[in-house]
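Enquirer: here is my input; please provide its structure:
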Amino acid sequence: MPVATQTELATDPLVEQRIAHRLAALRAERAWSLDTLAEQTGISRATLSRIERGELSPTAAMLGKLCSAYGWTMSRLIADAETKPPSLIRPAAQAAWVDPETRYRRRAISPPALGLRAEMVEVRLPAGAAVFYEASPVPGLEHHLWMLEGSLHLTVEGNHFRLSPGDCLRYVLTGPSQIECKGRRPARYIIAIVHP
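Expert: From the prediction side, this is the model:
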C-alpha cells in the first residue's frame, strides 16, 4: 500500500482560505451573529471567529456542526471552495480537506456543481482514528459507502456495522453517526451521497 506523502496529509492553504470565506459568507447570508451560530453549534464565538478568518483549521466535528447549521454537506462545502464548476475534474484538481485533529482526509471526487442531487467523496481514515457527527447536515441524506481498503466500524443512529474491502453499505442519515478505524491499517472508502 502506498505511503501518504506530506502533501497528502495537509489541506491546500488556498482551499482552507476559501472554506473560511465560504463559512463567513454562509453566516452573513443568514444575518446570523457569531453568538447565534455559537448557540446553534456549541462552538465558541472566539473559535468561530478564528475559523472564519482562516486562522484556525476546523476539525471534522466542527465542520460537521457548521454544515448541519447551514444545511450543507461537508463535501459540498469543500467542492464549493473550487474556483469554477467544471464537468470533468482530474485527480490533481479535486479539492481535499484534512482534519487537523485526526488526520482524516476527505476528497471531493465529483465535479463541484450546485443543484445536483448526488456527489461522491473519497475518505482516508488513519488507523486508530474516529470521527463523530452529532447530526446529519441535511436530514434524509442517502449514503452508499463502498469499502476499498482496511476495515471500518460505523455506527449510524445506534446501528453498528463492520465493513471490509468490497462491502457496500446503504443507509439514510438523519441523526448521529460515528466512523472508526480500529485496525492497524488505514481505511479507505468511497461514499456516494444522494440528497433527498
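Enquirer: ramachandran coordinates for the spatially most central residue of the chain?
Expert: By Cα atoms, centre = their mean, the mean C-alpha position of the chain lies nearest to Met74, the distance being 4.0 Å. Met74 adopts backbone torsions of phi -60, psi -40, taken as degrees, to the nearest 10.
Enquirer: going along the chain, name the strands of the chain.
Expert: In the chain, the strands defined using DSSP state E lie at 96-98, 105-108, 118-125, 130-133, 141-149, 152-156, 159-163, 168-173, 177-180, 187-194.
Enquirer: redo the ones you listed as JSON lines? Include distance to Gln40, mean neighbour count and mean pLDDT.
Expert: To be clear about C-beta, it is placed using only N, CA and C from the backbone, and glycine gets the same treatment. Converted to JSON lines, these look like this (distance: least, Cβ to Cβ, whole Å; neighbours: other Cβ atoms under 10 Å; pLDDT from 0 to 100):
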{"stretch": "strand 96-98", "distance to Gln40": "22", "mean neighbour count": "21", "mean pLDDT": "89"}
{"stretch": "strand 105-108", "distance to Gln40": "23", "mean neighbour count": "22", "mean pLDDT": "92"}
{"stretch": "strand 118-125", "distance to Gln40": "24", "mean neighbour count": "20", "mean pLDDT": "94"}
{"stretch": "strand 130-133", "distance to Gln40": "15", "mean neighbour count": "17", "mean pLDDT": "93"}
{"stretch": "strand 141-149", "distance to Gln40": "19", "mean neighbour count": "17", "mean pLDDT": "96"}
{"stretch": "strand 152-156", "distance to Gln40": "23", "mean neighbour count": "19", "mean pLDDT": "96"}
{"stretch": "strand 159-163", "distance to Gln40": "27", "mean neighbour count": "13", "mean pLDDT": "96"}
{"stretch": "strand 168-173", "distance to Gln40": "19", "mean neighbour count": "15", "mean pLDDT": "94"}
{"stretch": "strand 177-180", "distance to Gln40": "19", "mean neighbour count": "19", "mean pLDDT": "95"}
{"stretch": "strand 187-194", "distance to Gln40": "22", "mean neighbour count": "20", "mean pLDDT": "96"}
